[in-house]
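# this is a predicted model, with the sequence first.
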Amino acid sequence: METIRQLDEMQARALALRTEGKRIVFVPTMGYLHEGHLSLVRAARNHGEVVVLSIFVNPIQFGAGEDFASYPRDLSRDSALAAEAGVDIIFAPEASQMYPAGYATSVHVEGITETLCGASRPGHFDGVTTVVSKLFGIVQPHSALFGMKDFQQLAVIRRMTVDLNLPIEIIGMPIVREADGLALSSRNKYLTPHLHQQALCLQDAIRMATDTALKGEKDAAAIIALVQQRIQQEGDTRIDYIQICNAKTLQEVTQIDVDAVLLLAVHFGPTRLIDNHYLLTPFN
């Protein structure tokens, strides 16, 4: 495994690999790798010869008062984990290269960025789509893997890739969970043991909602009320949103069907966690 820090070096290497006929598979991350990231790396091996993993804490997707400064960073730790998982190249640029003096371009996807996390984190998805489009141009991948925990992000990136005619296959991978069921996230390290225990209400709520839907309940409002009641049983929670949406359009639905997905964002103390699940798929 090698680590490339320079943008022009990464782009030159990628173009050379493509000239050699090598298929590049890309896993973009903000680092502080966990098993969710590493599962993407292992899956990437099935899609090409060269696996590139980026580590870049993207400043423009963080809003005022969010955790950019404190977001966990440990390149040495991440490098060891990446090498063990089978990464060929780590691309770890500095922000000054990604956004040099005079930088003035952003990428905006309308509609699906304005709900859910987009409503509570204004400008967040412009930051995501801008950095991902730049990374696609630098790494030149044939395919890119993203976890489905960030359900809206995956939908936004798919929309951007189609709309900009980018010749990149976008692959969504299932949520990876801790042994107790909490969806893996780099932000889980912020949770005290007490808050971690409280956060387990998310999968309790998802399981209750899924069981109810599978038993025949079709009214989205009734399921949302059930989820809200379960989460509010915990003391240190603040609900950002509980919505049931069409998985393709992210428009809210009133009736449950096979495309209905439950999406949650909840604060446990200062830590904001997200989760999701298709309501007509059993939750194990």
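Thanks, I have the structure now.

# residue boundaries of the strands in the protein?
Using DSSP state E, the strands of the chain run over residues 2-4, 24-29, 50-55, 89-91, 143-147, 169-173, 237-246, 260-268, 271-278.

# with mean neighbour count, distance to Thr105 and mean pLDDT as extra columns, can I get those in a markdown table?
From N, CA and C alone the C-beta is placed, and that goes for glycine too. Converted to a markdown table, the strands of the chain look like this (neighbours: other CB atoms under 10 Å; distance: least, CB to CB, whole Å; pLDDT from 0 to 100):
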| stretch | mean neighbour count | distance to Thr105 | mean pLDDT |
| --- | --- | --- | --- |
| strand 2-4 | 16 | 23 | 98 |
| strand 24-29 | 26 | 18 | 98 |
| strand 50-55 | 26 | 19 | 98 |
| strand 89-91 | 23 | 20 | 98 |
| strand 143-147 | 22 | 20 | 98 |
| strand 169-173 | 16 | 22 | 98 |
| strand 237-246 | 17 | 30 | 97 |
| strand 260-268 | 22 | 29 | 98 |
| strand 271-278 | 21 | 28 | 97 |
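
# among the ones you listed, which comes closest to Gly36?
Closest approach to Gly36 among these (CB to CB): strand 143-147, 5.4 Å.

# any stretches of the protein with poor pLDDT?
Low-confidence segments of the chain (pLDDT under 70): none present.

# thinking again about what came up before, using JSON lines, lay out the strands of the chain together with distance to Leu15.
Putting the strands of the chain into JSON lines (distance: least, CB to CB, whole Å) gives the following:
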{"stretch": "strand 2-4", "distance to Leu15": "13"}
{"stretch": "strand 24-29", "distance to Leu15": "10"}
{"stretch": "strand 50-55", "distance to Leu15": "12"}
{"stretch": "strand 89-91", "distance to Leu15": "13"}
{"stretch": "strand 143-147", "distance to Leu15": "17"}
{"stretch": "strand 169-173", "distance to Leu15": "19"}
{"stretch": "strand 237-246", "distance to Leu15": "39"}
{"stretch": "strand 260-268", "distance to Leu15": "38"}
{"stretch": "strand 271-278", "distance to Leu15": "36"}
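
# who wins for proximity to His196 among these?
Among those, strand 260-268 comes nearest to His196, with 8.1 Å by CB to CB.
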